[in-house]
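S.K.: Here is my input, please return the structure:
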Amino acid sequence: EGLTTDIVYPNGMSGPYPEEIQLKILRSMKGLENVEIVRPGYDVEYDFVNPQSLTHTMETKKIRGLYLAGQICGTTGYEEAAAQGIVAGANAGRAALAASAGLKTSPPFVIGRDEGYIGVLIDDLVTRGTSEPYRMFTSRAEYRISLRADNADLRLTRKGKEFGIVQDPERIAALEAREYLIDDRIQKLRSFELKVTEWAERGGMDLMGGSQMGKKTGNKKTAEEVLQMPHVTLKNVEDIMVAVDQEERREGSSGGDDKEDFELTGSPPSVFDSVEAMVKYRSYVQRQHRDMESWRKAQGMRIPPDLVYEHQKFPTFSKEEIEKLSSLRPKTFAEASQISGVTPQSLVYLYHHVTRRNRKRDRSKSTA
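M.R.: Reported below is the predicted structural model:
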């Protein structure tokens, strides 16, 4: 497609049909009665290995030393294939080095579901399998609040160094510098505090607490607590911190009390997004971990056999999830977790629904 061509790509038109059938389908559409096909669509048919026959290192369970990655494992041939190649290649290389050194095995390089989307993808494949080409969606990850672009190096570069995959001294030094800066900035946010009324005066009543701030005249809040408020940005908070620091320095110099410590500045661009996200999302991340932990402990909990799966009761569920849960009727949450296409967040939602239903039933029995 383009400004200099009259060729149009029919997005969404499936191509597993003979060319004459494709032409009939296209000409059945209003406005395309006389359309001609320049290049017919096509599908690629290939054999694949059931990914449940692999371990989390991408090694086959039956043939030791054979590692698989890509479409052969039941995924698309794009990023999903490349992601598997990282893990399969790393483990194959480490196994080869161990063998050449006369060692039987090497510690497996495995990325957890809470460490990266690669870990989610591989865990889904080897534990659940797939009935269609697997694509990686963020909705498949239960820890997606933690799996952000701004902290990819914090999650994975350190792990890569520990397993000998990342060896570039400059890259490791850059990671350590970023870790130090992030920790330093968060500590400054935690240690800096003002009365809530002063936060409101300097940052605006509407932005930093609204009308309620004026009622808490004696209370203090740290910069970290203020940043956790809706609509307050790291720049808002750090501008006030820098202004207060400069005022104190001027007062100190006029009184002959020069400050010897470094002048307070804002977060550098290299850590700004990470600092803001880590503070903003902290409570959500903690709740996310609590939800997943409570759900994991309830794996053996039974799902009522008369439960009706419908969008009215489960508005966040996709059509695919509703259909699969309705047809497969899992008896426990452990069984439900093995259904391909049912996301961890939906399982947590289902868990809360069942526990609320059970509590309501128990209260009815006690009052009867």
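S.K.: And the strands in this protein?
M.R.: Secondary structure of the chain (DSSP state E): strands located at 193-195, 220-222.
S.K.: So which bits of the first one are buried?
M.R.: Spelled out, it's strand 193-195. By neighbour count on 16 or more other C-beta atoms under 10 Å, the buried set for strand 193-195 is 193-194. (Each C-beta comes from the backbone N, C-alpha and C, glycine too.)
S.K.: ditto for the last one
M.R.: By neighbour count, and taking 16+ other C-beta under 10 Å as the criterion, the buried residues in strand 220-222 are 221-222.
S.K.: contacts for that strand?
M.R.: Strand 220-222 is contacted from outside by 189-196, 199, using C-beta atoms under 8 Å, 6 or more residues apart in numbering.
S.K.: what mean pLDDT would you report for that strand?
M.R.: Mean pLDDT, computed over strand 220-222, is 92.
S.K.: next one: that strand to chain centre, how far?
M.R.: Relative to the centre of its chain, strand 220-222 is centred 31 Å away, using C-alpha atoms, centre = their mean, to the nearest Å.
S.K.: do the same with stretch 337-345
M.R.: Centre-to-centre, stretch 337-345 and its host chain are 15 Å apart (C-alpha atoms, centre = their mean).
S.K.: Tell me how far Gly266 lies from Tyr134.
M.R.: 43 Å (C-beta to C-beta, to the nearest Å).
S.K.: re the thing from before, output the contacts of strand 220-222 in JSON lines, with pLDDT and distance to Pro16 appended to each entry.
M.R.: Shown next, in JSON lines, are those (pLDDT from 0 to 100; distance: C-beta to C-beta, whole Å):
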{"residue": "Leu189", "pLDDT": "96", "distance to Pro16": "56"}
{"residue": "Arg190", "pLDDT": "95", "distance to Pro16": "58"}
{"residue": "Ser191", "pLDDT": "94", "distance to Pro16": "63"}
{"residue": "Phe192", "pLDDT": "94", "distance to Pro16": "62"}
{"residue": "Glu193", "pLDDT": "93", "distance to Pro16": "64"}
{"residue": "Leu194", "pLDDT": "92", "distance to Pro16": "65"}
{"residue": "Lys195", "pLDDT": "90", "distance to Pro16": "68"}
{"residue": "Val196", "pLDDT": "89", "distance to Pro16": "64"}
{"residue": "Trp199", "pLDDT": "91", "distance to Pro16": "62"}
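S.K.: quick check, nearest of those to Arg290?
M.R.: The shortest approach to Arg290 among the contacts of strand 220-222 belongs to Arg190, at 22.0 Å (C-beta to C-beta).
S.K.: show me the contacts for the closest one.
M.R.: By C-beta under 8 Å, 6+ apart, Arg190 lies in contact with 222-224.
S.K.: likewise Thr157?
M.R.: Counting by C-beta under 8 Å, 6+ apart, Thr157 makes contact with 166, 171-172, 175.
S.K.: With Lys280 instead?
M.R.: 227-228.
S.K.: From what I see, Asn91 and Met58 are in contact.
M.R.: Yes. With contact defined as C-beta atoms under 8 Å, Asn91 and Met58 form a contacting pair (6.4 Å).
S.K.: So the two - more neighbours on which side?
M.R.: Met58 (28 against 22; other C-beta atoms under 10 Å).
S.K.: how close does the closest residue to that one other than its chain neighbours sit to Lys62?
M.R.: Ranked by C-beta to C-beta, 6 or more residues apart in numbering and with sequence neighbours excluded, the top spatial neighbour of Met58 is Ala88, at 3.7 Å. Ala88 is 16 Å from Lys62, where distance means C-beta to C-beta.
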